[in-house]
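K.L.:
Sharing a sequence plus its predicted fold:
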Amino acid sequence: MHILYEVKDRIATIGLNRPEAANAQNMALLDELDAAWTRAAEDEEVKVIVLRAEGKHFSAGHDLKDRWPAPDEITLEWIYRAENRRYLDYTLRWRNTPKPSIAAVQGRCIAGGLMLCWPCDLIVAAEDALFSDPVVQMGIGGVEYHGHTWELGPRKAKEILFTGRPLTAAEAEQVGMVNRVVAREELDSATRELAERIAQMPAFGLRQAKRAVNQSLDVQGFYAAIQSVFDIHQTGHGNALSVSGYPVLAKLEEMKEKLR
């Protein structure tokens, strides 16, 4: 099992459970994670959802060693359909789950890892948390779910994309991406305390408050932007398929191996 799940005191805790792989996301993990989100969303006893991770790191992103069932010839059409389901559809569904959610992030949160914490309503980060999206090295302008501009503002978003450097927890809090920064040993307890406080509020009021904020972002163009930038992301795949054969994948996988 790649996902842990527990409900206690009206709080559902979903845990990423591939610490030996720095919680890199293979197909099985993503499918199990989506099932856990759905379970929590449909459970009337659950008022708050917490997403956390076992081990040193929150998530090293997509597992580049994972080989999905694929045709003999990989085409852009196949990539588009596969990523639309497990990356874009899943993250948007988690973002729109009508219950407050909190991500607890420690260690490295790389590329696809951002697509797990950004859909959550609140983020509590350990002091050692580092957030990065280095996929420009692959000739692609960022991960499939383009939360960068909304979470960081345009200039800081460009900086971390152009350079690939990680954003510290303190920087993330300063720009409003992270709600709180705590000592690593206090991450679970601080997140739990916040979840318990939220769980005391009326469920319908929480649902409506979340909808009000998300709907305000959508009116400003969030949903349309996410969809259109997903298409921009796919042009990177198309270019790689036509000219390079993805030689940078090995380099990125080597970087992730150092985290394990």
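P.N.:
Yep, it's here. Note that the structure is predicted; figures quoted are calculated from it, not measured.
K.L.:
need the strands for the stretch 1-150 of the chain, in chain order.
P.N.:
Along the stretch 1-150 of the chain, counting by DSSP state E, counting those that start in this stretch, strands occupy 3-8, 11-16, 48-53, 101-105, 108-110, 122-126, 130-132.
K.L.:
for these, which one sits closest to residue 210?
P.N.:
strand 101-105 (8.8 Å; CB to CB). C-beta coordinates here come from the backbone N, C-alpha and C atoms, glycine included.
K.L.:
That closest one - what's its average pLDDT?
P.N.:
Average pLDDT, strand 101-105: 98.
K.L.:
pLDDT below threshold where in the stretch 101-250 of the chain?
P.N.:
Applying pLDDT under 70 to the stretch 101-250 of the chain flags the ranges 243-250.
K.L.:
Which stretches in the chain count as helices?
P.N.:
In the chain, the segments counted as helices under DSSP state H are 27-42, 76-83, 90-95, 114-117, 148-152, 154-163, 169-174, 187-199, 203-219, 222-243, 248-257.
K.L.:
Any idea how many residues pack against residue 54?
P.N.:
Residues lying near residue 54 (other CB atoms under 10 Å) number 14.
K.L.:
before we move on, what about residue 177?
P.N.:
Residues near residue 177, counting by other CB under 10 Å, number 23.
K.L.:
ok now do it, which residues does it touch?
P.N.:
Taking CB atoms under 8 Å, 6 or more residues apart in numbering as the criterion, residue 177 is in contact with 123, 131, 151, 152, 167.
K.L.:
With residue 235 as the reference, measure out to it.
P.N.:
Between residue 177 and residue 235 the distance is 26 Å, computed by CB to CB, to the nearest Å.
K.L.:
Equivalent analysis for residue 66, please.
P.N.:
Here residue 66 is placed at a distance of 23 Å from residue 235 (CB to CB).
K.L.:
Kindly report the same for residue 97.
P.N.:
Residue 97 sits 30 Å away from residue 235, going by CB to CB.
K.L.:
Tell me which of the two has more neighbours.
P.N.:
Just comparing residue 97 and residue 235: by other CB under 10 Å the higher neighbour count belongs to residue 97, 19 against 13.
K.L.:
List the residues that contact the closest residue in space to the more buried one that isn't next to it in sequence.
P.N.:
Distance criterion CB to CB, 6 or more residues apart in numbering; nearest residue to residue 97, sequence neighbours excluded, is residue 41 at 4.7 Å. By CB under 8 Å, 6+ apart, the contact list for residue 41 reads 49, 97, 98, 99.
K.L.:
Please apply the same query to residue 170.
P.N.:
By CB under 8 Å, 6+ apart, residue 170 lies in contact with 127, 181.
K.L.:
Could you check how far it is from residue 60?
P.N.:
Separation of residue 170 from residue 60 (CB to CB) stands at 22 Å.
K.L.:
same deal with residue 114?
P.N.:
12 Å.
K.L.:
Also residue 26?
P.N.:
Computed as CB to CB, the residue 26 to residue 60 distance reads 11 Å.
K.L.:
now do residue 22
P.N.:
Residue 22 is 4 Å from residue 60, by CB to CB.
K.L.:
ditto for residue 201
P.N.:
35 Å.
K.L.:
more neighbours, those two?
P.N.:
Each of residue 201 and residue 60 has its neighbours counted (other CB under 10 Å); residue 60 has more, 28 against 13.
K.L.:
Residue 116 is in contact with the more buried one, correct?
P.N.:
No. Using CB atoms under 8 Å, residue 60 is not in contact with residue 116; the gap is 11.2 Å.
K.L.:
got the end-to-end distance for stretch 132-148?
P.N.:
End-to-end span of stretch 132-148 (CA to CA, to the nearest Å): 10 Å.
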